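Peer 1: here's my sequence, what's the structure:
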Amino acid sequence: MVNQTYTADVLVVGGGTGGTAAAIQAARRGAETILVSEFLWLGGMLTSAGVSAPDGNELEAFQTGLWGAFLQELRQRQPGGLDNSWVSFFSYDPRIGAKIFADWVQELPNLHWISGQVPIEVFRQGDSITGVRFADFAVTAKIILDGTELGDLLALAEIPFRWGWELQSEWGEPSAPVAFNSLTEKYPVQAPTYVVIMQDFGEPMSTTGVATAPEIPPAPNYNPLHFTGAWDGYGAETFLNYGRLPGGLFMMNWPICGNDYGEGLERLIESDVSRDEFIQESRWHSQNFAHFIQNQLGRRYGLAEKLFPHIPTAFALHPYYRESRRLVGLTTVREQDILPIAGGRVASIYEAIAIGNYANDHHYPGVQFPLQPKSIRWGGRWTGTPFTIPYSSLIPATIDGFLVCEKNISVSHIANGATRLQPVVMGIGQAAGMAAAMCVELNCQPRDLPVRALQTALLEDNRSKAAIIPLFNLPPNHSDWLHWQLYYLNNPQAYPASGDCPCPLSSEYPDSTFGKGLIWESNCFQGIFYRLEQQEYRFTVTAPAAYQGQNWQLVTLRSHIDEQLRTYPHEQLVTLWGHQNHSGNWLLVEHLNGG
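Peer 2: Predicted coordinates for the structure are as follows:
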């Protein structure tokens, strides 16, 4: 029974990465917004799912919009910086991330957040979505956004969606299977992971020999053979450092004989009961992985304490879902749309409203699935070909009053492996929230909103301007940033295959507190620069004395440093400022001088 009905301009259902971004952006634009989340934390993959070592959009030029603002807040709030693990340049305590989102929501009087609720029914009038019913209240709104982890509103509203694989005959995707097979049957979607955070409790007491970490009991169906060999080829320390977080914490989101879980994936969308069964099993699987780790590596390592706001506190609030129901939209993002254009380092652009650059990555436990490569070397390391998300992939083909803003965009199963990453989804959410608010302003449907108006609003947002054209050498603090973004929007045929625009680079950006802050917080080193191969650099420290003789890989996220590294002569004496990453054995260079 509905006890109360709220009205709003914009309703966002689901407080994940995309839903949170959408609600914040819609409210900042001025729309009366209601956000209804299932969990006590906002942020989804970035927080409540425990993946606080996100992948993608790591280059400075792609740290824009709400994603860039989130990173800036993390840098200010987390002592010791974000360079802790080797899987990501940004690893942080998920409690800090959750507090950032909560603070952003709280500062907006026109954003009403209700937690602990899931949608039960969607209201329709003809081909328009008009509202959503929850357990004891309902919300009607002009524009409704599906920000749920598994695209639940798509099913409730009977909006056409996809689940599972498409064959190569569908869109000609080079990595798609020619025919359905045992892999497509066993794993209709990518396997989720129930993240568990472990903690270093220190060495056992020397006098008593008693271990300090509480024992992790095995869960049902424990079988050590599931995990045997998990860190073979890496070593235990490197394995633990994969997802190292501050404060002696370790994020366990490990794909090799680890805690990806893919048994009976169809249960995720069959019923609430079957989904709960899957979630319970996946958490047991991660508990068993943690039990295995403790048995193999000792009682120094146990489950993290007082982390997530429920019991047991070491486990995320929900699984990290890599794939959900996927909208049948006006446009579908295919594998071809995320791969580099012929002879280039970028993908083509079309109706761009968000940027991604992650390599295409699929998770099927125990299976190596080959995908068309889209990796490149940049800044001394491997990264991914940048690509864009078109606005029309957020809009249902036949339904009005509705947008998606999560992993549930109109995308193929193959391309989802690159579009599902946290920064991309955050950008999708920001664009969807902006679009929803503008639809309210203009009294129009999402399909009728001029794409150029949306793109301009994102570029000129007064709080968190978002890049929509990927350009390696155009950092957000560059004085010509807006000019070049608009130029390639107006002249898409001129978009450079190299991904570099013809703007002059400078080692200093006087208008940038962003750049200066990074340098001021860095450490200074002197040493010898070695060029091993193209875009592969090493550095032997000569000073300070405490690090003399140490060898580090040199990497950077900054375009002008990348330019300098490309031209430095072999065995040159250099002075640089940067951050050490012991987990990845690299120096993240923020500033660079000659000897």
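
Peer 1: for the stretch 201-350 of the chain, what spans make up the strands?
Peer 2: Ranges of strands in the stretch 201-350 of the chain, per DSSP state E, counting those that start in this stretch, are 244-245, 249-252, 301-303, 326-327.

Peer 1: quick one, what contacts D200?
Peer 2: By Cβ atoms under 8 Å, 6 or more residues apart in numbering, the contact set of D200 is 248-250, 300-301. To be clear about C-beta, it is placed using only N, CA and C from the backbone, and glycine gets the same treatment.

Peer 1: could you rerun that using 10 Å?
Peer 2: By Cβ atoms under 10 Å, 6 or more residues apart in numbering, the residues touching D200 are 212-213, 240, 244, 247-250, 300-302, 304.

Peer 1: what does I528 give?
Peer 2: With Cβ under 10 Å, 6+ apart as the criterion, the residues that contact I528 are 538-542, 551, 570-574, 595.

Peer 1: list the buried residues in the helix or strand harbouring it.
Peer 2: Counting by DSSP states H and E, the element that carries I528 is strand 523-533. Going by neighbour count (16 or more other Cβ atoms under 10 Å), the buried part of strand 523-533 is 525-531.

Peer 1: again, but for stretch 156-164
Peer 2: Neighbour-count burial for stretch 156-164, with 16+ other Cβ under 10 Å as criterion, is recorded at 156-157, 159, 161-164.

Peer 1: check which helices and strands the top helix by length along the chain sits against.
Peer 2: Scanning the chain for the helix with the most residues, using DSSP state H, yields helix 272-297. Applying 3 or more Cβ pairs under 10 Å, 6 or more residues apart in numbering; DSSP states H and E, we find helix 272-297 packed against strand 196-200, helix 236-241, strand 249-252, helix 267-270, strand 301-303.

Peer 1: rewinding a little: so which of the buried residues of stretch 156-164 is the closest to C503?
Peer 2: Nearest to C503 among the buried residues of stretch 156-164, counting by Cβ to Cβ, is R162 at 40.1 Å.

Peer 1: wait, that closest one sits on A415?
Peer 2: No. Contact criterion Cβ atoms under 10 Å: R162 and A415 do not qualify, at 11.6 Å.

Peer 1: what do the two both touch?
Peer 2: 326, 332.

Peer 1: returning to that earlier point: pull out the buried members of the contacts of D200.
Peer 2: Taking 16+ other Cβ under 10 Å as the criterion, what is buried in the contacts of D200 is 213, 240, 244, 249-250, 300-302, 304.

Peer 1: what residues are up against F315?
Peer 2: 50, 194-197, 252, 283, 286-287, 290, 303-304, 307-308 are the contacts of F315 under Cβ under 10 Å, 6+ apart.

Peer 1: what segments of the stretch 351-500 of the chain are helices?
Peer 2: 416-419, 422-442, 451-459, 481-490 (DSSP state H, counting those that start in this stretch).

Peer 1: so where's the stretch 301-450 of the chain shaky on pLDDT?
Peer 2: For the stretch 301-450 of the chain, no stretch is flagged by pLDDT under 70.

Peer 1: go through the buried residues of stretch 156-164 and flag which are in strands.
Peer 2: 161-162 (DSSP state E).

Peer 1: residues near the spatially closest residue to H310 that is not a sequence neighbour, how many?
Peer 2: In this structure, H310 finds its nearest non-sequential neighbour in L317, 6.4 Å apart by Cβ to Cβ, 6 or more residues apart in numbering. If you count neighbours by other Cβ atoms under 10 Å, L317 ends up with 19.
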